[in-house]
Every structure is written in C-alpha cells, then in structure tokens.
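>>> My questions are about this predicted structure, shown below with the sequence.
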Amino acid sequence: MEKTRAVIGGVVKNGVIVPQEDIKLPEGTYVNIIILSIPPELQAEIDAWDLASDEDLIEFEKMLLLETA
C-alpha cells in the first residue's frame, strides 16, 4: 500500500481541530498535528513538561490511569 500525505489547514474550536476544507477522514486515520503559531500559555506548559523528570512523568501517567479506572 502506498503511503501518501496531504496538508490540510485547520483551526481549533472549542478544543477540537476543525479542518478548513470540507473533508471527511475515515475513523482511525493517523494524522500529525503541527502547530504553526504556539500561544504563550501553551509554550509555558510545553516548557514545564520539558523540565519534568522521568519519575515525574511516570507518576503523572499513574494518576491519569487511576482517574480513568
């Protein structure tokens, strides 16, 4: 099967990425999201995650699993 790529612009509305084109992707389609303009509050969160240790991240993942159980 040949792998192809397409670039589709979009915006975030109510926390959901909405394509600017009227396109329907099949359920399960794998996509990459590239943020072209990072808002300062998101950059601050990314910077904070970069400072977290591996142990911190493991503990955070454990907390998430407990919340969803």
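Great, that's in hand.

>>> only C-alpha atoms for contact and neighbour calcs from this point on.
OK.

>>> so how far is L25 from the most centrally placed residue in the chain?
By Cα atoms, centre = their mean, the chain has its centre lying nearest to I33, at 6.4 Å. With distances taken as Cα to Cα, to the nearest Å, I33 is found 14 Å from L25.

>>> In this structure, mark out all the strands, start to finish.
Secondary structure of the chain (DSSP state E): strands at 10-13, 16-19.

>>> Need the winner for burial among these.
strand 16-19 (a mean of 12; mean count of other Cα atoms under 10 Å).

>>> tell me the pLDDT at M1?
For M1, the model assigns a pLDDT of 57.

>>> Okay, now the unreliable bits of the chain?
Within the chain, the ranges that satisfy pLDDT under 70 run 1-2.

>>> wait, G10 sits on V16?
No - contact criterion Cα atoms under 8 Å: G10 and V16 do not qualify, at 9.9 Å.

>>> Touching both of these two, which residues are there?
When Cα atoms under 8 Å, 6 or more residues apart in numbering defines a contact, no residue borders G10 and V16 alike.
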